[in-house]
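# what shape does this take:
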Amino acid sequence: MKTCNSLSGGKTSSYIAANYPADYDVFALVRTDDKNCIYPDKKVRQMVEDRIKKPFIGTLEDDTIIKTMLDLEQFIGRRITWVSGKTFDEIIIRKDKKYLPNVTQRFCTTEMKLQPIFDWWLNNVGEPIETRIGFRANEKSRAKTMLNKTNKDGLTEYKTIVGKRKSRNKWATIGWQKPVFPLIDENIYKDQIVKYWQNKPVRFAYMNNCIGCFHRNEVLLKFMSELHPNKFNWFIEAENQTGYNIRTFKNGINYKQIKNSFSQIRLFEDDFNDCDSGYCGL
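Numbering: from 1, shown residues only. This is a model prediction of the structure:
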């Protein structure tokens with residue numbers, strides 16, 4: 001069975017890429033059409049476009065994630081496959097209205113991370129593949145949850161369109177990847193990973209995942225609004241323009257309120273940790 005490292009741009013998945021060579025290393029890039037979030041280096045934008053074979057204006061993650069993946073490719077000495085699906089702007093459009101993802105409907109992760117990786121697999125591999133998942137030794141419960149969702153062959157299944165039946169889409173559920181957890185198997189914790197990356201020539205973002213990830217708590221989101229005002233404003237505008245009943249990313253508070261809150265608190269980078277950051281990447 002072929003092997004694959006699923007990369008997010010964080011230190012943990014990058015550690016797996018550096019220490020567990022695979023047949024494939026795949027990174028799914030979150031894109032936006034918003035020119036207020038444009039990646040500042042035109043040359044690098046072109047490099048990204050050459051990799052994903054799609055236009056690249058910017059990302060709603062920290063821009064440093066682009067440097068991370070370019071650095072990591074040089075560090076591990078293997079070509080990283082970059083994939084990208086629809087932009088965030090595109091996936092929230094439902095019949096000309098904006099529909100927001102939230103903690104109970106995480107279609108943003110599905111459409112911008114899982115779908116493009118699955119499409120790449122379907123077009124380039126087409127047979128079950130062993131995928132290394134970056135759960136650390138203290139995250140056995142997360143691994144158990146993932147394994148409980150696999151089929152009788154130990155494969156994660158994905159429901160996708162495989163054709164047309166008259167005027168309707170024909171759907172099928174395909175078992176495609178076998179999740180494995182090398183860091184759990186070898187008892188690797190966060191401190192070992194952080195130590196490993198000290199003085200290595202790979203630049204990492206303060207946190208990966210989208211700047212306005214709704215899994216983050218309000219205080220961290222406030223901090224992100226200060227670190228990345230243009231990207232955070234994208235989330236504010238998305239809420240302002242939504243046409244459905246779900247009008248906020250988080251229950252009970254909108255992102256404009258978050259941006260204007262906690263003004264009496266001075267926030268620092270070391271005030272937050274992994275538990276605050278969300279679950280879309282590792």
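# make it CA atoms for all contacts and neighbour counts henceforth
Will do.
# please report phi then psi for residue 186.
Backbone torsions for residue 186, taken as degrees, to the nearest 10, come to phi -110, psi 10.
# in what helix or strand does the nearest residue to it once chain neighbours are set aside lie?
Of all residues not flanking residue 186 in the chain, residue 137 sits nearest, at 7.8 Å (C-alpha to C-alpha, 6 or more residues apart in numbering). According to DSSP states H and E, residue 137 maps onto no helix or strand at all.
# what do you get for residue 65?
Residue 65 belongs to helix 64-76 when assigned by DSSP H and E.
# gap between that helix and the chain center?
Centre-to-centre, helix 64-76 and its host chain are 15 Å apart (C-alpha atoms, centre = their mean, to the nearest Å).
# using CSV, write out every CA atom in that helix.
Backbone C-alpha positions of helix 64-76 (Å, rounded to 0.1, in the frame of the first residue of the first chain) are rendered in CSV as follows:
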residue,chain,number,x,y,z
THR,A,64,3.7,32.3,6.7
ILE,A,65,2.2,29.0,5.8
ILE,A,66,3.3,29.5,2.2
LYS,A,67,6.9,29.9,3.4
THR,A,68,6.5,26.9,5.6
MET,A,69,5.7,24.6,2.7
LEU,A,70,8.4,26.0,0.5
ASP,A,71,11.0,25.6,3.3
LEU,A,72,9.8,22.2,4.2
GLU,A,73,10.1,20.9,0.6
GLN,A,74,13.7,22.0,0.6
PHE,A,75,14.3,20.5,4.1
ILE,A,76,12.9,17.0,3.4
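# quick one: strands adjacent to the following helix or strand past that helix?
On the C-terminal side of helix 64-76, the closest following helix or strand by DSSP H and E is strand 81-83. Using DSSP bridges, the strands paired with strand 81-83 are strand 24-28 (parallel).
# just want the angle from the strand it pairs with to helix 64-76.
Per axes from the mean of the first three to the mean of the last three C-alpha atoms, to 10 degrees, the angle that strand 24-28 makes with helix 64-76 is 170 degrees.
# list the contacts of strand 24-28.
With C-alpha atoms under 8 Å, 6 or more residues apart in numbering as the contact definition, strand 24-28 has outside contacts at 3-9, 17, 79-84, 112-113, 116-117.
# stretch 69-81 now?
Stretch 69-81 is contacted from outside by 9, 14, 17-18, 24-27, 51, 201-203, using C-alpha under 8 Å, 6+ apart.
# which strand residues bridge residue 105?
For residue 105, the beta-bridge partners are residue 102 (DSSP bridges).
# which residues in this structure form strands?
With DSSP state E as the criterion, the chain has strands at 3-7, 24-28, 81-83, 93-94, 97-98, 129-132, 156-165, 168-180.
# lowest average confidence across these, which one?
Of all those, mean pLDDT reaches its minimum on strand 97-98 (a mean of 80).
# any stretches of this structure with poor pLDDT?
Across the chain, the ranges flagged by pLDDT under 70 are 243-246, 263-282.
# quick one on the thing from earlier: need the strands of the chain in JSON lines (columns: mean neighbour count and distance to residue 212).
JSON lines is the format used below for the strands of the chain (neighbours: other C-alpha atoms under 10 Å; distance: least, C-alpha to C-alpha, whole Å):
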{"stretch": "strand 3-7", "mean neighbour count": "23", "distance to residue 212": "20"}
{"stretch": "strand 24-28", "mean neighbour count": "20", "distance to residue 212": "18"}
{"stretch": "strand 81-83", "mean neighbour count": "21", "distance to residue 212": "21"}
{"stretch": "strand 93-94", "mean neighbour count": "14", "distance to residue 212": "18"}
{"stretch": "strand 97-98", "mean neighbour count": "16", "distance to residue 212": "16"}
{"stretch": "strand 129-132", "mean neighbour count": "21", "distance to residue 212": "27"}
{"stretch": "strand 156-165", "mean neighbour count": "13", "distance to residue 212": "27"}
{"stretch": "strand 168-180", "mean neighbour count": "16", "distance to residue 212": "28"}
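# redo these as JSON lines? Include distance to residue 253.
Shown next, in JSON lines, are the strands of the chain (distance: least, C-alpha to C-alpha, whole Å):
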{"stretch": "strand 3-7", "distance to residue 253": "32"}
{"stretch": "strand 24-28", "distance to residue 253": "29"}
{"stretch": "strand 81-83", "distance to residue 253": "33"}
{"stretch": "strand 93-94", "distance to residue 253": "22"}
{"stretch": "strand 97-98", "distance to residue 253": "18"}
{"stretch": "strand 129-132", "distance to residue 253": "36"}
{"stretch": "strand 156-165", "distance to residue 253": "33"}
{"stretch": "strand 168-180", "distance to residue 253": "36"}
